[in-house]
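[1] The following block contains a protein sequence and its predicted model.
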Amino acid sequence: MRFVIVSAMIFFFIFSIPGPGADKVVLDETLRLEDGQADVFFKRPRRVLEIPGKWIYLLDDQRSLKFDAAGKGYGEVVPRGEGPGELTRVHYVTRVGGQLVLLSIYPFKVILAAHDGTFKREFRPEDQGNFYNLEQTCGERLLLSRRRRDSLSNARQGISELPVELSWMDLEGRTTPIELSGISEKIFLRRITMEGGRVAIAVNEACGLRTCVDAAGKKLYMAYTPRYAVEVVDLATGKRMTVLKRPHQVVDYYEPTREDEEEEEGAGSNRPEPYRPETFNDILAIHHVLGELWVITSDFKADRGFRVDRFNAADAFAGSVYLVIPGLSHPDDLRGRLLELTADRMWINEPDEDGNPVPVRYRVSLR
């Protein structure tokens, strides 16, 4: 029996330390990549890598785009294609040792380039049959998460758990497994019989792996369960150190009420019905911001935004604040959207007057 995946959603310093009495997140807009200024029409911006004061690299749909510090566009970083120095689709971009690293997951291919996009070399890791995500960059190594193809093919219909394996990869393509057991994602899977007898697998993320590292690159934070828990891992030893937990009122799932959501559902008559859980996951995202771990929860208020729990460098609870993210009015709005929070900066998509996405950068502070 042949399997075809038709839809997959397998889930993005110098600063001042906020005082203990801080209770408000302040966002100051510092850059807006308008279509006219950037000389590009954005489709689906999803990841950003920034070299402060120099270059901005933005992944938009299948493209890797380059901008200077003022937002002027310089076209694509790597050409699209299947030849040397080309990628059919760029899934990740990061920076290691003063060079750009661009990854394509299907097929699994890595390109190393100079900051101006000049091709240096490429390699294809040996393991081409499974599904990888780039989780984090730590020093000269890439932290990858792997989902085995056979685990996906053998998963049962409906809610299923998909084991996740972590490993390091160096810039020669060599991988070293990290012996951390018990990590998994919850997926909602449907099998659809196509013409000719092929079976398509439609996958929606029910509860995916969320990760971030501290500014020193010494600790990995992981959240992968529906209820509130953040595991802390010592990257030097690969051992779990502790689990961060906070009281959290489970939030029942509710539908968005926006008109555009209704139009989108009507337009997708050939698509399977979207997965609708009974409750939201307690943790929607985790980021390392302003020297702290920020846990973005599903506690969302229309007038106040998302509740964010803060943990200091010693992993002690430092208080909660509410974060208003412009353009977001429902917890599910975080899915598949550009949201990069690091150091003291936040990148998000905001709709323009025609509803098209515009990447915007904010400076983040606490008062």
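    In hand now; what should we look at?
[2] In contact with E185, which residues are there?
    Taking C-beta atoms under 8 Å, 6 or more residues apart in numbering, we find E185 in contact with 10, 147, 161-162, 164, 205-209, 224. For the C-beta atoms, the positions are set from N, CA and C on the backbone; glycine is no exception.
[3] Could you list which of the residues you listed belong to helices?
    Secondary structure assignment by DSSP state H places none of the contacts of E185 in helices.
[4] In the stretch 1-150 of the chain, what residue spans correspond to strands?
    Taking DSSP state E, counting those that start in this stretch as the test, the strands found in the stretch 1-150 of the chain are 3-7, 25-32, 45-51, 55-60, 63-68, 73-76, 92-96, 99-104, 109-113, 119-123, 131-138, 141-147.
[5] Rebuild the ones you listed as TSV, extending it with distance to V360 and mean pLDDT.
    Listed next are those as TSV, based on distance: least, C-beta to C-beta, whole Å; pLDDT from 0 to 100:
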stretch	distance to V360	mean pLDDT
strand 3-7	28	35
strand 25-32	5	95
strand 45-51	10	93
strand 55-60	12	94
strand 63-68	13	92
strand 73-76	15	90
strand 92-96	19	94
strand 99-104	23	93
strand 109-113	26	94
strand 119-123	31	93
strand 131-138	24	91
strand 141-147	28	93
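[6] now, of these, which is deepest in the fold?
    strand 55-60 (a mean of 23; mean count of other C-beta atoms under 10 Å).
[7] What residues does R124 make contact with?
    Contacts of R124 (C-beta under 8 Å, 6+ apart): 107-110, 173.
[8] Any buried residues in stretch 143-159, and which?
    For stretch 143-159, the neighbour count (16 or more other C-beta atoms under 10 Å) marks 143-148, 151-152, 155 as buried.
[9] what comes into contact with it?
    Here stretch 143-159 makes contact (C-beta under 8 Å, 6+ apart) with 3, 5, 10, 127, 129-137, 162-169, 175, 183, 185-191, 201, 203, 206, 209, 211, 213, 220.
[10] picking up where we left off before, the contacts of E185 in strands, which ones?
    Counting by DSSP state E, these place 147, 161-162, 205-207 in strands.
[11] Which members of those are classed as buried?
    Here, 16+ other C-beta under 10 Å leaves 147, 162, 205-207 buried among these.
[12] Now render these as TSV, adding distance to D61.
    Shown next, in TSV, are those (distance: C-beta to C-beta, whole Å):
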residue	distance to D61
R147	23
L162	26
E205	19
A206	25
C207	26
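[13] nearest to R32, of the residues you listed?
    Closest approach between those and R32, by C-beta to C-beta: E205, at 29.6 Å.
[14] Tell me the bridge partners for the closest one.
    Counting by DSSP bridges, E205 is bridged to I187.
[15] ok, it touching I187?
    Yes. Here E205 reaches I187: they are 6.2 Å apart, a contact under C-beta atoms under 8 Å.
[16] who touches S64 in this structure?
    Residues counted as contacts of S64 (C-beta under 8 Å, 6+ apart) are 57-58, 76-78, 87, 90, 93, 102.
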